[in-house]
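Trainee: 3D, please:
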Amino acid sequence: MYRVSRWAVDTLKRSANIGDFLRKDEWDIPGNDISHSSIYASDYASCSVKCQETSGCKAFAYSPSTGQCWPKTSTGDGGKSNGDRISGYSSNMCGGFVRKDEWDIPGNDISHSSIYASDYANCCIKCQATSGCKAFAYSPSTGQCWPKTSTGDNGYSNSDRISGYNVNTLTYTHGIYTLAFVDEDNRMSATTRQGIIDTFFASYPQMCARFNPHSCARNVRMTIDPNYDGIAYVSSNGIVIGPWISNSPGGDDVVVHEAMHVVQSYPRYDPGWLTVLETVHDSVGSVFIQA
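Mentor: Numbering: from 1, shown residues only. From the prediction side, this is the model:
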């Protein structure tokens, strides 16, 4: 439970909010400007109105000393302290994240304890400012905020939670298996992505049932890494595929091949054993692709 003094401060701050925007004094939100130059506003309220009148504006920064107003498309990376700035942002907005009301994402917390956030957008900003944060859960009743590394097993309904997850992370569930698909390359078409997802679920559950029915991983993470110049590999973080697949819709064999490594909890063998296992995996994979 929070002290009354904190509640009082938050109440006073909220009373200064205008429209759907939340006010944050002595705070700047650099970047993501809608215009190449600032516009003039007589005060914070006027800057807020100009943002509301500007198509695509979801946040803004205002300079009390100069009257400069910067309408913005998003809060970017959250912003930073600045004595000559007052920022405003939509309580329902956070750039790069998808909002899901009355939904909780348990587990995968970055910290051992929650942090305080005044609202959903503020929790999202804290996630953006936290290294490795890809999702978060927020409690409107307590102000608790949980930055997370992933959406985990996708979550469940909870009336006292609002969750947000990175738009580059999509979670798919088929039966007891869940795939977290992270596209860091951002060049893949919806058709290619769906083909990869379909291939994974057409092969992975069957391979689990046949080769590892008791301990096969139910939650798998697949990342398209633009900085990886190889084909694909499996690590403790799941399947990693190079950016080549974004323009190659025929990568089914690679998806099945790496999925088989996950099924077998692929260890690090010496080159001789590696050659044998790769041959076995390729043979098994070809069967499931043709099935």
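Trainee: bridge partners for the residue nearest to residue 130 when sequence neighbours are not counted, pull those for me.
Mentor: Nearest residue to residue 130 in three dimensions, chain neighbours excluded: residue 147, at 4.6 Å (CB to CB, 6 or more residues apart in numbering). In this view, the C-beta of every residue, glycine as well, is placed from N, C-alpha and C. Beta-bridge partners recorded for residue 147 (DSSP bridges): residue 136.
Trainee: hmm, residue 147 is touching residue 138, no?
Mentor: No. Residue 147 is beyond contact range of residue 138, at 10.0 Å (criterion: CB atoms under 8 Å).
Trainee: now for those two: what residues contact both?
Mentor: residue 123 (CB atoms under 8 Å, 6 or more residues apart in numbering).
Trainee: show me what contacts the residue nearest to residue 130?
Mentor: 109-111, 115, 123, 126-127, 130, 133, 136.
Trainee: same check, this time on residue 66
Mentor: Counting by CB under 8 Å, 6+ apart, residue 66 touches residue 84.
Trainee: report the secondary structure state of it.
Mentor: Of the three states, residue 66 takes coil according to DSSP: H, G, I helix; E, B strand; the rest coil.
Trainee: now swap in residue 25 and tell me
Mentor: The three-state label for residue 25, taken from three-state DSSP, comes out as strand.
Trainee: can you start the count at 768 instead of 1 from here on
Mentor: Fine by me, first position is 768 from now on; the one you just mentioned is residue 792.
Trainee: which strand residues bridge it?
Mentor: For residue 792, the beta-bridge partners are residue 853 (DSSP bridges).
Trainee: so what pLDDT did the residue nearest to residue 897 get?
Mentor: On the pLDDT scale, residue 914 is placed at 96.
Trainee: type out the ChimeraX command that picks the buried ones from the contacts of residue 914.
Mentor: Only the buried members of the contacts of residue 914 enter the following ChimeraX selection, criterion being 16 or more other CB atoms under 10 Å:
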select :876,877,882,890,893,894,897,900,903
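Trainee: which of the contacts of residue 914 fall in helices?
Mentor: Within the contacts of residue 914, residues falling in helices by DSSP state H are 890, 893-894.
Trainee: could I get those as a markdown table with pLDDT?
Mentor: Output for those, formatted as a markdown table (pLDDT from 0 to 100):
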| residue | pLDDT |
| --- | --- |
| 890 | 91 |
| 893 | 89 |
| 894 | 90 |
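Trainee: closest to residue 799 among those?
Mentor: residue 894 (16.8 Å; CB to CB).
Trainee: now the closest one: how far from residue 915?
Mentor: For residue 894, the distance to residue 915 (CB to CB, to the nearest Å) stands at 8 Å.
Trainee: can you pull the residues that touch both of those two?
Mentor: By the contact definition CB under 8 Å, 6+ apart, residue 894 and residue 915 are jointly contacted by 900, 902-903.
Trainee: and those as JSON lines, adding distance to residue 953?
Mentor: Listed next are these as JSON lines, based on distance: CB to CB, whole Å:
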{"residue": "900", "distance to residue 953": "18"}
{"residue": "902", "distance to residue 953": "18"}
{"residue": "903", "distance to residue 953": "21"}
